[in-house]
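A.B. asks: Got a predicted structure plus its sequence, pasted below:
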Amino acid sequence: MSVKLLLAGRRGGGESLFSPPEEAQSWLRRVEGWFHEHTGELLEGLHRGTGPLGAPMLRLRLHPAASEISLVAASGGRLVVSAETSAVGPGYHVFLCDTLKVMGEALGVTWADANEAASMGDPTGYFHTGEAGPVEVYMLASIQESVARVLRMRRLGESGFGLSMRFGHTFEHPGALLTPLGPRDERWLRNVYDDPRLGIDVFPWWKPGIHARTRLNRALCRLWTDVVWRPPLLDEERGRLRDVARLLELAWREDPALPYPWREWQEVLGYLGVGGTLAEEVRRRAAQARGGPPMGYRRGAVQVALPEGWEIRIPGSLAEAHLQDGTWVARDHRRSVRFVPLEDGAEDSLAPTSAERRALELEHHGKRVSGRASLHVEPGECRLTALCSSGRRRALCVVSFDDPDEQDWALGTWRSLDHAAAA
């Protein structure tokens, strides 16, 4: 049972009571500006698109563990806001409701009353009544139901479960259950099923307000799910590391008694080349920290969801980018993987060269994907070029690498390509 806001409202018009509502795109631009101004520190991402029936829509995220919030500016001045909050916790739910109310007051939104029959409104009641108590009750019921489902599937021999993990990446990491705050084992699952309050530790934002624990947990979510554990290649990666370092410092200065990830904090500062008094304190604490596996799902392999239903397994250390032409690229300083979904007839122009075909012909026939590849191996310039198919779907995969000894890795990456279902 996830906790989901589904709010309806009406956008205001001009100064006159009878003025027509503001044009949807113009109004969404004002909403975008409002969120940049009032939630800048928390804003993870924001973009405009198209919603149901072609209505203009704004999507944004306010926490690294949260799914996107959507605001659809429908016809006739109608507004529909949807957001799932149980991945982050009661504090986030309260914060988001309060933020939407303030935004509505600033931009002239009249909110509709809850309509239980139409599943419209806030199921906890907080948005409509201001009573925060039921929010925790709903969150605890949500975690208990999720844990029960995982335990049931594990009894059937299933594995690889995630709780509140964003779509697009499946991490290969030990643990009965992966969460944005780290893995949990079988004992944890059973304890939480018996007493859901023992599962509060997987909610990154339990208590309302922005405080040291909120900032620490926000940083921990990034360390576990987002940080790539090597020196940054891209400005986006450097910005992410800086954000982690900023959050940890703010939290520590407010409450130095919290359990900080000293070893990982030291790694982040090292990647950024940061020195000084704080870095020395972090280094000292890291040397005294208890041992054990380091944080970070991306230290291992990750299964990535690609365009048009494709998937591929890559090292978590590769930086990923989606290009405007539909190409997906992952790379580090010595390896890269390029994936291009093909339209009918496109493979003729993108097929391997004659020289590549003469180098080596390879075939692969998996459960859902088959393909042919050429492999060119030369120190400093190695490349595998493959044409893959799944039913009527076609794709090009190019794996480049500097070291000939990584040939097996390149072949394994190509053969890991999968498709959700053959078309």
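C.D. replies: The structure has been received and is ready for your questions.

A.B. asks: could you give me the average pLDDT of stretch 150-170?
C.D. replies: In this model, stretch 150-170 has a mean pLDDT of 91.

A.B. asks: what's the answer for stretch 243-260, then?
C.D. replies: 97.

A.B. asks: Stretch 12-29 now?
C.D. replies: 71.

A.B. asks: before we move on, what about stretch 404-422?
C.D. replies: 89.

A.B. asks: list the buried ones in it?
C.D. replies: Of the residues in stretch 404-422, Glu406, Trp409, Ala410, Leu411, Thr413, Trp414, Arg415, Ser416, Leu417, Asp418, His419 count as buried by neighbour count, 16 or more other C-beta atoms under 10 Å. The C-beta positions use only the backbone N, C-alpha and C, and glycine is treated the same way.

A.B. asks: quick check, nearest of those residues to Gly121?
C.D. replies: Among those, His419 lies closest to Gly121 (C-beta to C-beta), at 39.1 Å.

A.B. asks: OK, contacts around the closest one?
C.D. replies: Gly309, Trp310, Glu311, Arg368, Val369, Ser390, Gly391, Arg393 (C-beta atoms under 8 Å, 6 or more residues apart in numbering).

A.B. asks: Give me the distance between the longest helix along the chain and the centre of its chain.
C.D. replies: Longest helix in the chain by number of residues (criterion: DSSP state H): helix 133-155. Distance, stretch centre to chain centre, for helix 133-155: 21 Å (C-alpha atoms, centre = their mean, to the nearest Å).

A.B. asks: now stretch 299-306
C.D. replies: Mean-position distance between stretch 299-306 and its chain equals 12 Å (C-alpha atoms, centre = their mean).

A.B. asks: residues contacting the most centrally placed residue in the chain?
C.D. replies: What sits nearest the mean C-alpha location of the chain, by C-alpha atoms, centre = their mean, is Arg166, with 4.1 Å. The contact partners of Arg166, by C-beta under 8 Å, 6+ apart, come to Ala65, Ser67, Thr225.

A.B. asks: quick one: it from Arg149, how far?
C.D. replies: 19 Å (C-beta to C-beta, to the nearest Å).

A.B. asks: Just checking, which helix or strand succeeds the helix or strand encompassing Leu96 along the chain?
C.D. replies: Counting by DSSP states H and E, the element that carries Leu96 is helix 90-107. Downstream of helix 90-107, the first helix or strand assigned by DSSP H and E is strand 109-111.

A.B. asks: Figure out the length between the terminal residues of stretch 44-57.
C.D. replies: One end of stretch 44-57 to the other measures 17 Å (C-alpha to C-alpha, to the nearest Å).

A.B. asks: How about residues contacting the helix or strand encompassing Trp265?
C.D. replies: Assignment of secondary structure by DSSP H and E places Trp265 within helix 262-272. The contact list for helix 262-272 (C-beta under 8 Å, 6+ apart) reads 223, 227, 229-232, 238, 241-242, 244-245, 248, 275, 279, 282-283, 285-286, 288-289, 294-296.

A.B. asks: Could you tell me which residues within that helix count as buried?
C.D. replies: Judged by neighbour count using 16+ other C-beta under 10 Å, the buried positions of helix 262-272 are Trp262, Arg263, Glu264, Trp265, Gln266, Glu267, Val268, Leu269, Tyr271, Leu272.

A.B. asks: Separate out the buried members of the contacts of helix 262-272.
C.D. replies: For the contacts of helix 262-272, buried by 16+ other C-beta under 10 Å: 223, 227, 229-230, 232, 241, 244-245, 248, 279, 282-283, 285-286, 289, 295-296.

A.B. asks: So which residues of the stretch 201-350 of the chain form strands?
C.D. replies: Ranges of strands in the stretch 201-350 of the chain, per DSSP state E, counting those that start in this stretch, are 301-305, 310-315, 319-322, 328-331, 335-342.

A.B. asks: just to revisit the earlier point, let's have the buried residues of helix 262-272 in a markdown table, adding distance to Glu254.
C.D. replies: A markdown table is the format used below for the buried residues of helix 262-272 (distance: C-beta to C-beta, whole Å):
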| residue | distance to Glu254 |
| --- | --- |
| Trp262 | 17 |
| Arg263 | 21 |
| Glu264 | 19 |
| Trp265 | 15 |
| Gln266 | 20 |
| Glu267 | 22 |
| Val268 | 19 |
| Leu269 | 19 |
| Tyr271 | 24 |
| Leu272 | 21 |
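
A.B. asks: Could you check how far the residue nearest to Arg415 when sequence neighbours are not counted is from Gly49?
C.D. replies: Using C-beta to C-beta, 6 or more residues apart in numbering and skipping the chain neighbours, the partner closest in space to Arg415 is His364 (5.2 Å). Per C-beta to C-beta, His364 is found 36 Å from Gly49.

A.B. asks: Look at those two and report which has more neighbours.
C.D. replies: His364 (15 against 10; other C-beta atoms under 10 Å).

A.B. asks: Extract the C-alpha trace of the strand or helix carrying the more buried one and format it as CSV.
C.D. replies: Assigned by DSSP H and E, His364 belongs to strand 361-365. Taking C-alpha atoms only, strand 361-365 is exported to CSV below (Å, rounded to 0.1, in the frame of the first residue of the first chain):
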residue,chain,number,x,y,z
GLU,A,361,32.6,-12.8,-36.7
LEU,A,362,30.7,-13.6,-33.6
GLU,A,363,27.1,-14.7,-32.9
HIS,A,364,25.0,-14.7,-29.7
HIS,A,365,21.6,-16.3,-29.2
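
A.B. asks: Output the below-cut-off pLDDT ranges for the protein.
C.D. replies: 1, 13-20, 344-360, 421-423 (pLDDT under 70).

A.B. asks: quick one: the helices in it?
C.D. replies: Per DSSP H, the chain carries helices over the ranges 24-38, 90-107, 126-129, 133-155, 186-194, 212-225, 235-254, 262-272, 277-288, 347-350, 354-359, 407-415.

A.B. asks: which of these sits most buried?
C.D. replies: Of all those, helix 212-225 has the most neighbours on average by mean count of other C-beta atoms under 10 Å, namely a mean of 24.

A.B. asks: Now do that one against helix 235-254: the angle between them, please.
C.D. replies: 150 degrees (axes from the mean of the first three to the mean of the last three C-alpha atoms, to 10 degrees).

A.B. asks: could you check the angle helix 262-272 makes with helix 212-225?
C.D. replies: Interaxial angle, helix 212-225 versus helix 262-272 (the same axes, to 10 degrees): 70 degrees.

A.B. asks: List the contacts of helix 212-225.
C.D. replies: Residues contacting helix 212-225 (C-beta under 8 Å, 6+ apart): 63-65, 91, 165-166, 169, 171, 180-182, 204-207, 240, 243-244, 247-248, 250-252, 254-255, 258, 260-261, 264, 268, 295-298.
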